[in-house]
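Peer 1: Got a predicted structure here, sequence first:
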There are 2 protein chains.
Amino acid sequence: MREVARAAGVSPMTVSYAYSRPGRVSAEAAARVRAAAQALGYPGPHPAARSLRRGRVGSLGVVLGERLGYAFDDPQAARFLAGVADVCAAEGVGLTLVPITGAPSDPERVARAVVDGFVVWTTSDDDPVLDAVADTGLPAVVHAGPHRRGLPVVGIDDRAAATAIGRVAFAGARRPVVLGFPLDRDRARRLLTGPAVGPARFPVTRHRWEGLRDAWTGAGHAPEELRFAVCPVNDAGHGEAFTAELLRSPHRPDAVAAMSDELALGALRAVAAAGLDVPDDVAVTGWDDSDAAGRAGLTTLAQSLRRQGSRCALVALGLEPGDPAPDEWRVVVRGTTR
Amino acid sequence: MREVARAAGVSPMTVSYAYSRPGRVSAEAAARVRAAAQALGYPGPHPAARSLRRGRVGSLGVVLGERLGYAFDDPQAARFLAGVADVCAAEGVGLTLVPITGAPSDPERVARAVVDGFVVWTTSDDDPVLDAVADTGLPAVVHAGPHRRGLPVVGIDDRAAATAIGRVAFAGARRPVVLGFPLDRDRARRLLTGPAVGPARFPVTRHRWEGLRDAWTGAGHAPEELRFAVCPVNDAGHGEAFTAELLRSPHRPDAVAAMSDELALGALRAVAAAGLDVPDDVAVTGWDDSDAAGRAGLTTLAQSLRRQGSRCALVALGLEPGDPAPDEWRVVVRGTTR
DNA sequence: CACGCCGTGTGTATCGATACACAGCTAGAA
DNA sequence: TTCTAGCTGTGTATCGATACACACGGCGTG
């Protein structure tokens, strides 16, 4: 920039203003600066230097408790991120995905991220990146929990929502199953019976499980009758495989409440493949009301992850106050329940 | 950092080394530094300052010619980005999506991005962000074209691939239709007949169209018989709607070659809804060989966008030489063609 | 005619860290 | 005993820009 200033016959400050505040310099000076820049091949102010001096970077950090590629594999995460991206685009701010891998170096990667704030996708209670995010002192929001270090949380009341959808899913059922996410970072595939389900480390899993359990026991049933099928990955393939296995077992489920539409759609495929009828033989519910759920006629719990993503971004960019009211949800009854 | 140095009774350099090169300082000094940092609430080296001095940021920029949220809406882009993300995660580098909106300010947003290199998702020949990317002087790669400003391109030979899949799609057909992407940034939905299709500004659209046209005319048919249905958005809904409309017309298509699996799956839905048979009444082909295509038994052109994304990332991070050989593709024949 | 405001250019200090070269010290080798 | 090498700590210069305050001339106003 100094060289450009010399070539244009002006001071460095004039060059700086020519780029950052077009109105601050005369048209003539601006033209001279542009010409000199062109001649010297100067590409404009160095972004890192500008960030240092201005104290703002122009990018919002997003932390997914999972490995980075997860952002594009999990449809729920993608919907959420689309909402974050909407706000970023409107504000002219970049969206930086922090390269988390599950390794011990993750907190350091958070600390090194060149961003103005953080949005943390729902993670486990003991995730060390939460401390790393809080330690940066930058504005931050956690999506759907956990509550920690005073970080604001954006999300719905998962437990209440789960109770509501559970009542619909389990109506008239005798052998209900919850098809859900991992309880902790182990991500082990397994089948648990009600009381054996300890407190899950993932708040979303915990709240939804508790809500679904409440729906079952609240109807006067025994907790041991409700099972929890833990799918290691949130996609239709895993939901289908686990459901198929359960349908072949003697204790065949007659209601499947899934924690996502993807798992539920997999369950529907398994039920169809087994030659059974939905909802008469097996009732199925999902979670999120995605487009695919609508097309499949799935009874589901509607929430807008996209809107929640946008709200997170607004808070993390300091454009809205933190800890706002819980987001909305509602039960959408379609044809997969009795 | 100076204050931490004073509190720990060491020089600033020692503090710096304590963070960036743990082996460079004695265990005792490191401990003193950590303690002082803890006491003062020092969160570690300021990322922007470190970036300025080191000349490296630790983040890879990704430019999508579309609005930002597109990254999470288009499944093709998502697969590609997953490949980029794989490399970023392995290298401990962040992934920054540059907030493009289609407005004139886009080039400036590229110039302001705090990144170490750029990956540009396939865009139109005249997209101004290509110049902006080249002007930064940072390492950059363009996915699938256009070739401009000497930027390396990673992708397959779209034209040859299109010819190959076209031969399969159009075998025995008399009223073929290409179901494809927009020709230019207008994104207008329309139906063109062969010769009316001007040179598309999107290289991918252009190459695939030319290849498919070659397949048709190469079999001795007249170019006017091949139509091009331009879908404004790459998703199943648009593919379904446009195909349904064509199926209702008197000149009912008997072969649909789609430029993506999503469009093809939509076409399959439309054919089924019309009570017609695949492949006897209508042959359908896709492009990409996504999971859904495999499940649907779709004949398609297999390429790995994920691998291409990884290759782009490696080149843009300077870990591999630019302009490598074209990526691989092959025709996967399943049940939706004669 | 004096005054103050506006538009425009400049100098200085600083944002917060790290590369580099060098100095002191200890220990093992010759 | 001397020399070299390795370990550890420090001072200086610099990365590239911008905030801020000030200076200067023109001009409208009372």
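Peer 2: Received it, and whenever you're ready, just let me know what you need. Residues are numbered from 1 along each chain as shown, chains lettered A, B, ... in the order given.

Peer 1: looking at this, A:Val142 is in a strand?
Peer 2: Yes: per DSSP: H, G, I helix; E, B strand; the rest coil, A:Val142 lies within a strand segment.

Peer 1: so what's it bridging to?
Peer 2: Counting by DSSP bridges, A:Val142 forms beta bridges with A:Val120, A:Val153.

Peer 1: That one and A:Val153 touch, don't they?
Peer 2: Yes: using Cβ atoms under 8 Å, A:Val142 is in contact with A:Val153, at 4.9 Å. To be clear about C-beta, it is placed using only N, CA and C from the backbone, and glycine gets the same treatment.

Peer 1: who has more neighbours, the two?
Peer 2: A:Val142 (28 against 21; other Cβ atoms under 10 Å in any protein chain shown).

Peer 1: can you tell me which residues contact that one?
Peer 2: Applying Cβ atoms under 8 Å, 6 or more residues apart in numbering or on different chains to A:Val142 gives the contacts A:Val120, A:Thr122, A:Thr123, A:Leu130, A:Arg148, A:Leu151, A:Pro152, A:Val153, A:Val154.

Peer 1: if I look at the third one, how far off is A:Val315?
Peer 2: Between A:Thr123 and A:Val315 the distance is 17 Å, computed by Cβ to Cβ, to the nearest Å.

Peer 1: May I ask which helix or strand encompasses the residue nearest to A:Ser11 when sequence neighbours are not counted?
Peer 2: Distance criterion Cβ to Cβ, 6 or more residues apart in numbering or on different chains; nearest residue to A:Ser11, sequence neighbours excluded, is A:Ala5 at 5.8 Å. Assigned by DSSP states H and E, A:Ala5 belongs to helix A:2-8.

Peer 1: Run through the neighbouring helices and strands of whichever helix or strand comes after that helix.
Peer 2: Later in the chain than helix A:2-8, the nearest helix or strand by DSSP H and E is helix A:12-20. Helix A:12-20 sits against helix A:2-8, helix A:27-40, with contacts defined as 3 or more Cβ pairs under 8 Å, 6 or more residues apart in numbering or on different chains; DSSP states H and E.

Peer 1: which of the residues in helix A:12-20 are buried?
Peer 2: Neighbour counts over helix A:12-20 (16 or more other Cβ atoms under 10 Å in any protein chain shown) mark A:Thr14, A:Val15, A:Ser16, A:Tyr17, A:Ala18, A:Tyr19 as buried.

Peer 1: residues contacting the last one?
Peer 2: For A:Tyr19, the residues meeting the contact criterion (Cβ under 8 Å, 6+ apart) are A:Val33, A:Gly44, A:Pro45.

Peer 1: just the strands in the stretch 151-300 of chain A please.
Peer 2: For the stretch 151-300 of chain A, the strands defined by DSSP state E, counting those that start in this stretch occupy A:153-154, A:176-180, A:190-193, A:227-230, A:255-258, A:283-285, A:300-302.

Peer 1: rank these by mean pLDDT and give me the bottom one.
Peer 2: Lowest mean pLDDT within those: strand A:190-193, at a mean of 92.

Peer 1: Relative to A:Arg201, how far out is the residue nearest to A:Ser11?
Peer 2: For A:Ala5 relative to A:Arg201 (Cβ to Cβ), the value is 57 Å.

Peer 1: same question, A:Met13
Peer 2: 54 Å.

Peer 1: Please save the CA atoms from the host helix or strand of A:Phe72 in PDB.
Peer 2: In this assignment (DSSP H and E), A:Phe72 forms part of helix A:70-73. What follows is helix A:70-73 as a C-alpha-only set of coordinates in PDB (Å, rounded to 0.1, in the frame of the first residue of the first chain):
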ATOM      1  CA  TYR A  70     -20.900 -33.800   8.700                       C
ATOM      2  CA  ALA A  71     -22.200 -30.400   7.700                       C
ATOM      3  CA  PHE A  72     -23.000 -31.700   4.200                       C
ATOM      4  CA  ASP A  73     -24.000 -35.300   5.200                       C
END
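
Peer 1: Can you report how many residues neighbour A:Val332?
Peer 2: Going by other Cβ under 10 Å, the residues that sit close to A:Val332 add up to 17.

Peer 1: how about the helices in chain A?
Peer 2: Here chain A has its helices, by DSSP state H, at A:2-8, A:12-20, A:27-40, A:47-54, A:70-73, A:75-91, A:106-112, A:128-136, A:158-169, A:203-218, A:236-248, A:261-273, A:291-296, A:305-316.

Peer 1: worst average pLDDT in the ones you listed?
Peer 2: helix A:70-73 (a mean of 83).

Peer 1: to the chain's geometric centre, what's the distance from that one?
Peer 2: Centroid separation between helix A:70-73 and its chain, computed with Cα atoms, centre = their mean, to the nearest Å, is 10 Å.

Peer 1: ok, now which ones touch the residue nearest to A:Ser11?
Peer 2: A:Ser11, A:Pro12, A:Thr14, A:Val15.

Peer 1: The helix holding A:Phe72 and chain B in contact?
Peer 2: Yes: Helix A:70-73 lies within reach of chain B by Cβ under 8 Å from any Cβ of the partner chain, at A:Ala71, A:Phe72, A:Asp73.
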